[in-house]
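Chemist: A predicted structure for the sequence below; I have some questions about it.
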Protein chains: 2
Amino acid sequence: MRSQPHDIAHDLSRILRDLVTLIRRATDPGLLSAPQISILSSLEHGPRRITALAGEHGVRTPTMTTHITRLEAAGTVHRGTDAADGRAVVVELTDHGRHLLATARQARIDHLAARLSHLTEDERSTIAAALPHLAKLTATPTPDPLPPAARTPQEDQENQEN
Amino acid sequence: MRSQPHDIAHDLSRILRDLVTLIRRATDPGLLSAPQISILSSLEHGPRRITALAGEHGVRTPTMTTHITRLEAAGTVHRGTDAADGRAVVVELTDHGRHLLATARQARIDHLAARLSHLTEDERSTIAAALPHLAKLTATPTPDPLPPAARTPQEDQENQEN
DNA sequence: TTGCTTAGTTAGACTAGCTAAGCATAGGAT
DNA sequence: ATCCTATGCTTAGCTAGTCTAACTAAGCAA
């Protein structure tokens, strides 16, 4: 088993692409899209500003504005104001949003779980053992190349749950 | 370590999203996009028809047509004809395409490798051990929900390399 | 007050996916 | 030989998601 960073990166790169394709194929168009699930997930633990959401999800603020606009139109989030700062928009999950999120997330997880159930117990354990290390890859070990309006350590903590 | 399919699916779902965000952040917009890298990779081992490419990449033929049109405009592929079938278009990698693919793929892999190099040798081994099993997830263990014009076993064999 | 900064939106463009519909060729049936 | 159907691809038009540029509104500081 080669464990040079380059070798792993090569394989991981390919597998990542395949897994994404897999998930995209299985996504119910009527439900929530991948970015939508992510955004609603961020809101599960409390309201957030547009800028904060954009930073967390690695997109620019105009992109987040359009996401929130659509989500608001669908009744899943609510645009509130910050009493202390008249410029800010505070986005909040509605009951309907919370419910829809649970449904969509479950569908996605179920689908992955169905695939996983075809593996042996041993193979699953091996994967389970690797997940924490894979998670470390995304824990911003190197400085973010993207938006200056990036996540704060505090936000990272709050946003542990999917 | 929980290794129930559902538990793993839950974590994997979240990690997948983060890894995708990670890669998107680091992608040079001037180079090749993710689907473009995939498509050119398919062509590395020989020419392919539009329909075959679409099947391999889980998209419809019109989508593949536009991809090929753009790639052709960029000089990375060449649209040829099949002597035996006047309807078919046979897409072939150009030298420029081959070169650009190598560059783009290297950039993507280098970026992942840099992250991986921050892990311990042990952690990398654990990930390396999991990759073959993760790859099995995408090896169409359940019938394809998407296009009837799907991949053939023969094509799957030919297309092992990223 | 004046002027800079920050938060968000709007406008316009591009990629990437889809369906529907059309054209051209292949290939079998009559 | 002709017709009919199936196949391969393209075109047209839609939606989602991303970007940059440019704008408005609000806060803050001199």
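Modeler: Perfect, I can see it now.
Chemist: longest strand of chain A?
Modeler: Longest strand of chain A, by residue count under DSSP state E: strand A:85-93.
Chemist: Residues in contact with the helix or strand just after it: which ones?
Modeler: Beyond strand A:85-93 on the C-terminal side, the first helix or strand identified by DSSP states H and E is helix A:95-116. Contact partners of helix A:95-116, identified using C-beta atoms under 8 Å, 6 or more residues apart in numbering or on different chains, comprise A:22-23, A:26-28, A:31-32, A:36-37, A:40-41, A:43-44, A:71, A:74-77, A:93, A:124, A:127, A:162, B:5-6, B:8-10, B:12-13, B:137, B:141-142. (Each C-beta comes from the backbone N, C-alpha and C, glycine too.)
Chemist: Give me the subset of those residues lying in helices.
Modeler: Per DSSP state H, helices hold the following members of the contacts of helix A:95-116: A:22-23, A:26, A:36-37, A:40-41, A:43, A:71, A:124, A:127, B:5-6, B:8-10, B:12-13, B:137.
Chemist: For residue A:84, give its distance to chain B.
Modeler: 30 Å (C-beta to the nearest C-beta, to the nearest Å).
Chemist: meant to ask about residue A:67
Modeler: As for residue A:67, its distance to chain B is 14 Å (criterion: C-beta to the nearest C-beta).
Chemist: partner strands of the longest strand of chain A, parallel or antiparallel?
Modeler: If you go by DSSP bridges, strand A:85-93 pairs up with strand A:48-49 (antiparallel), strand A:77-82 (antiparallel).
Chemist: check whether the shortest one contacts DNA strand C.
Modeler: Yes. For a cut-off given as C-beta under 7 Å from any atom of the strand, strand A:48-49 has contacts with DNA strand C, namely residue A:49.
Chemist: just checking, what packs against whichever helix or strand comes after that strand?
Modeler: The helix or strand immediately downstream of strand A:48-49 is helix A:50-57, counting by DSSP H and E. Secondary-structure packing of helix A:50-57 (3 or more C-beta pairs under 8 Å, 6 or more residues apart in numbering or on different chains; DSSP states H and E): helix A:34-43, helix A:61-73, strand A:85-93, helix A:153-158.
Chemist: quick one: contacts for the residue nearest the centre of chain A?
Modeler: With distances taken as C-alpha atoms, centre = their mean, residue A:38 lies nearest the centre of chain A, 3.4 Å away. Listed by C-beta under 8 Å, 6+ apart, the contact set of residue A:38 reads A:57, B:17.
Chemist: Give me the number of neighbouring residues for residue A:28.
Modeler: As a burial measure, residue A:28 scores 12 neighbours (other C-beta atoms under 10 Å in any protein chain shown).
Chemist: Could I get the pLDDT score of it?
Modeler: Note for residue A:28: predicted pLDDT of 74.
Chemist: Show me which residues of chain A sit near DNA strand C.
Modeler: By C-beta under 7 Å from any atom of the strand, the residues of chain A that approach DNA strand C are A:24, A:49-52, A:61-62, A:64-66, A:68-69, A:79, A:85, A:87-90, A:149.
Chemist: Apply 10 Å and report the result again.
Modeler: Residues of chain A that fall close to DNA strand C, judged by C-beta under 10 Å from any atom of the strand: A:17, A:20-21, A:24-25, A:29, A:48-55, A:60-69, A:72, A:79-82, A:85-91, A:148-149.
Chemist: Could you save the strands paired with strand A:85-93 as TSV and add columns showing distance to residue B:98 and mean neighbour count?
Modeler: Below are those laid out as TSV (distance: least, C-beta to C-beta, whole Å; neighbours: other C-beta atoms under 10 Å in any protein chain shown):
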stretch	distance to residue B:98	mean neighbour count
strand A:48-49	45	22
strand A:77-82	47	15
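Chemist: Export the ones you listed to CSV and append columns for distance to DNA strand D.
Modeler: Putting those into CSV (distance: least, C-beta to the nearest atom of the strand, whole Å) gives the following:
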stretch, distance to DNA strand D
strand A:48-49, 13
strand A:77-82, 8
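Chemist: I'd like those strands written out as CSV, with mean pLDDT added.
Modeler: Converted to CSV, the strands paired with strand A:85-93 look like this (pLDDT from 0 to 100):
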stretch, mean pLDDT
strand A:48-49, 96
strand A:77-82, 94
